[in-house]
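Enquirer: any chance you can model this:
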Amino acid sequence: MNNDSFFTEIWTPEGSAFSLEIEEKLHEEQSEFQKIEIYRTRHWGNLMVLDGCYMVTDRDNFLYHEMMTHPVLFTHTNPRKVVVIGGGDCGALKEVLKHPNVTEAWQVEIDERVTRLSEQYFPDLCSSNSDPRAHFYFGDGIQWIKDAEPGSIDIIIVDSTDPVGPAEGLFNKAFFETCLRALGDNGILVQQSESPLFHSQTIIRDMIAEMRQAGFCHFQTLPFPQPIYPSGWWSCTMASKNVSVNEFRYDHAQEKVFATHYYNADLHRGAMALPEFMKRDLEQ
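Expert: Here you go, the predicted structure:
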């Protein structure tokens, strides 16, 4: 916080920062895993901060949550069982459960306090938590995937924080091998993959290399806007072993039976067209 009542996240590696005007601090605690702060902002609704980094606001979370979920769900031919690793704010879970063909959705989150505070301060994100298809496990997501029955999951969504601390183990070959084992023959993994502007030559490229070494063969990175994250531009990356992730059920997406704020079939198709610098970086 500075003297003008703005909360600023500084991204030192790229010399950038983003600020939101704060009206009130609503909550602060140190959980077993991280420092959690909740603020009411003047223009962006409530804001959650984990270890000093922006995680979610009322105003723009739909961009991230819709792009982390609907593209992969419309890419899979018939997703029935979906697992969200992380995603403690429950926004991804809410979007997954909009798909009527999903019969079972798990949120596997290491820090239960993130979910309990989201239920209190971000009730809209948690509005599907009582859906009978929703299941919760609070513990180590890496171990949960290791223990999953082979071939039992259709989609794994890795809705993690940056690849440091508790999330570091979600970006390497060993974890991706366990995901591949847990996925069915047509299964798809999707992982948040940081900023295309800041990380295409590092995190995104290295993550795809680790996925490839783990046995995944098909990849598609989808950039999308995300104002509160470093650079204001974010991405997710889909990976599969046996099915193309460069195609999706366009007609089903176009005729979706639920409302979205950002995602639609044409936007999905457009997001697959990567900028030239990303194509160069990811081909190296």
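Enquirer: direction included, what does the longest strand along the chain pair against?
Expert: Using DSSP state E, we find that the single longest strand of the chain is strand 16-30. In the sheet, strand 16-30 lines up against strand 6-11 (antiparallel), strand 35-41 (antiparallel) (DSSP bridges).
Enquirer: can I get those strands in a markdown table with distance to residue 64?
Expert: The way it works is simple: take the backbone N, C-alpha and C, and place the C-beta from them, glycine included. Converted to a markdown table, those look like this (distance: least, Cβ to Cβ, whole Å):
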| stretch | distance to residue 64 |
| --- | --- |
| strand 6-11 | 16 |
| strand 35-41 | 17 |
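Enquirer: need the least confident one among those strands, by mean pLDDT.
Expert: Of all those, the minimum mean pLDDT falls on strand 6-11 (a mean of 95).
Enquirer: which residues does it contact?
Expert: For strand 6-11, contacts defined as Cβ atoms under 8 Å, 6 or more residues apart in numbering pick out 1-2, 16-22, 39, 41, 47, 49, 52-54, 198, 228, 230-231.
Enquirer: for that strand, buried residues please.
Expert: By 16 or more other Cβ atoms under 10 Å, the buried positions in strand 6-11 come out as 7, 9.
Enquirer: follow-up on the earlier one: write the PyMOL selection for whichever of the contacts of strand 6-11 are buried.
Expert: The buried residues among those can be selected in PyMOL (16+ other Cβ under 10 Å) with this line:
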select buried, resi 18+20+22+39+41+47+49+53+54+198+228+230+231
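Enquirer: quick one: the longest strand of the chain to chain centroid distance?
Expert: 21 Å (Cα atoms, centre = their mean, to the nearest Å).
Enquirer: if you average pLDDT over that strand, what comes out?
Expert: 97.
Enquirer: can you tell me what sits against that strand?
Expert: The contact list for strand 16-30 (Cβ under 8 Å, 6+ apart) reads 1-2, 4-11, 35-44, 46-47, 54, 57, 113, 117, 120-121, 227-228, 230-232.
Enquirer: hey, C-alpha coordinates of it in CSV?
Expert: Listed next in CSV are the C-alpha coordinates belonging to strand 16-30 (Å, rounded to 0.1, in the frame of the first residue of the first chain):
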residue,chain,number,x,y,z
SER,A,16,6.4,-3.0,-14.5
ALA,A,17,3.6,-2.5,-11.9
PHE,A,18,-0.1,-2.5,-11.6
SER,A,19,-2.2,-0.6,-9.0
LEU,A,20,-5.7,-0.7,-7.7
GLU,A,21,-7.3,2.0,-5.6
ILE,A,22,-8.3,0.5,-2.2
GLU,A,23,-11.2,1.5,0.0
GLU,A,24,-10.8,-1.0,2.8
LYS,A,25,-8.8,-4.0,3.9
LEU,A,26,-11.4,-6.7,4.6
HIS,A,27,-9.3,-9.5,5.9
GLU,A,28,-5.7,-10.6,6.5
GLU,A,29,-4.3,-13.9,7.7
GLN,A,30,-1.3,-16.2,7.4
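Enquirer: ok, which of the strands paired with strand 16-30 comes nearest residue 237?
Expert: Evaluated with Cβ to Cβ, the strands paired with strand 16-30 place strand 6-11 nearest to residue 237, the distance being 20.7 Å.
Enquirer: the closest residue to residue 187 other than its chain neighbours: how many residues sit nearby?
Expert: Leaving out its chain neighbours, the residue that sits closest to residue 187 by Cβ to Cβ, 6 or more residues apart in numbering is residue 154, at 5.6 Å. When counting by other Cβ atoms under 10 Å, one arrives at 25 neighbours for residue 154.
Enquirer: residue 154 is in contact with residue 73, isn't it?
Expert: No - the pair residue 154 / residue 73 is not scored as a contact, 9.2 Å apart, by Cβ atoms under 8 Å.
Enquirer: shared neighbours of these two, anything?
Expert: The contact sets of residue 154 and residue 73 overlap at 79, 82 (Cβ under 8 Å, 6+ apart).
Enquirer: for stretch 108-119, buried residues please.
Expert: For stretch 108-119, burial by neighbour count (16+ other Cβ under 10 Å) applies to 108-115, 117-118.
Enquirer: ugh, wrong one, I meant stretch 262-273
Expert: By neighbour count on 16+ other Cβ under 10 Å, the buried set for stretch 262-273 is 263, 265, 267-268, 271-272.
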